[in-house]
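Q: I'll drop the sequence and a predicted model, then ask my questions.
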Amino acid sequence: YTSNDLETAKRIMHLRNDKGLNLAGVAYLLSAKKPSIKKQARLRTNTTAGVSEHLLELRGKHGCTLAQVARQAGISISFLSAIERDRAKPSIATLQRLAVIYKTNVLSMFGAEDESKAHRLVRPADRKVLRPEPGVQMELLILGRSQLEPHIFRIVPRVSSGGSYHHEGEEFIHVLEGSLEVWLDEVERYVLVAGDTLHFESTHAHRWKSLSGEETTLLWVNTPPTF
């Protein structure tokens, strides 16, 4: 086997065992076409990084132990430690729970700059792009402080939020492409397809999963900002 074969095998094992993707989701990620060099450079410029460092810093500022934060977030101490050492990637649900614990938002964990003045016009090349875990990409549609927080979510097949989470505010989802399953309080189940919209209070524990065989694309709006 070549070194590329071994790297591919390692990636498949990570996506299957650690991220819980099924074979369709793994195949989609592996077969996805790589963007052009020009587009790669643009995405690198707009993609924030360093989640592990900022989470470690936030925990230090709050004077919390690994055990205290892990218990509140509903994850193991070893998993939280791995996240802080950049050995594991947190799910959307985990990031949201940590944001509540640290009284901040998800965007701050990526080290994104806080712009006090919102930009009236944001072109696609100007968007901040977050990739918290394999198979999920979030594109911020407003730069700067605002009472609205609209994103474009791009989710590969069968990828989920990694559990439920809740916080203050309201949410609005409009499916542009694909299909999405949403559970509220583990009681209400909604299956959304292209053209469907869903509005709910963020205090409901919610989780989601892509049901489409191809990429699911959403317009997702939070108010007030939580990401």
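A: Yep, it's here.
Q: the nearest residue to residue 166 once chain neighbours are set aside: how many residues sit nearby?
A: The spatially closest residue to residue 166, leaving aside those adjacent along the chain, is residue 205, at 4.6 Å (CB to CB, 6 or more residues apart in numbering). In this view, the C-beta of every residue, glycine as well, is placed from N, C-alpha and C. Neighbourhood size, residue 205 [other CB atoms under 10 Å]: 15.
Q: pretty sure residue 205 contacts residue 185?
A: Yes. Assessed by CB atoms under 8 Å, residue 205 is found in contact with residue 185 at 5.3 Å.
Q: low-confidence ranges in the chain?
A: For the chain, the stretches with pLDDT under 70 are 1-4, 18-25, 28-49, 111-118.
Q: hey, where'd the helices end up in it?
A: Remark: helices assigned in the chain by DSSP state H are 3-13, 23-31, 37-46, 51-62, 66-73, 77-84, 92-101, 106-109.
Q: need the ones you listed in TSV (columns: mean neighbour count).
A: What follows is the helices of the chain, written out as TSV (neighbours: other CB atoms under 10 Å):
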stretch	mean neighbour count
helix 3-13	11
helix 23-31	16
helix 37-46	12
helix 51-62	16
helix 66-73	16
helix 77-84	17
helix 92-101	22
helix 106-109	20
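Q: of these, which is nearest residue 168?
A: Closest to residue 168 of the helices of the chain, according to CB to CB: helix 92-101, at 9.1 Å.
Q: what does the closest one contact?
A: Contact partners of helix 92-101, identified using CB atoms under 8 Å, 6 or more residues apart in numbering, comprise 51, 55, 58, 62, 64, 69, 72-75, 83, 90, 105-106, 108-109, 132-133, 136, 161-165, 167, 207, 226.
Q: same thing but 6 Å
A: Helix 92-101 is touched from outside by 72-73, 105-106, 132, 161-163, 165, 167, with contacts defined as CB atoms under 6 Å, 6 or more residues apart in numbering.
Q: residue 195: which of the residues you listed is nearest?
A: Of all these, residue 161 has the smallest distance to residue 195: 21.9 Å, by CB to CB.
Q: how about residue 173: what's its closest non-neighbour residue?
A: Residue 173 sits nearest to residue 198 (CB to CB, 6+ apart), 4.6 Å away.
Q: pull the number of nearby residues for that neighbour.
A: 18.
Q: pretty sure it sits against residue 171.
A: No. With contact defined as CB atoms under 6 Å, residue 198 does not count as touching residue 171 (8.0 Å).
Q: between those two, what contacts are shared?
A: With CB under 6 Å, 6+ apart, residue 198 and residue 171 have no common neighbours.
Q: wait, residue 84 sits on residue 54?
A: No. If you go by CB under 6 Å, residue 84 and residue 54 don't touch, sitting 9.6 Å apart.
Q: who touches residue 163 in this structure?
A: Neighbours of residue 163 in contact, by CB under 6 Å, 6+ apart: 93, 207.
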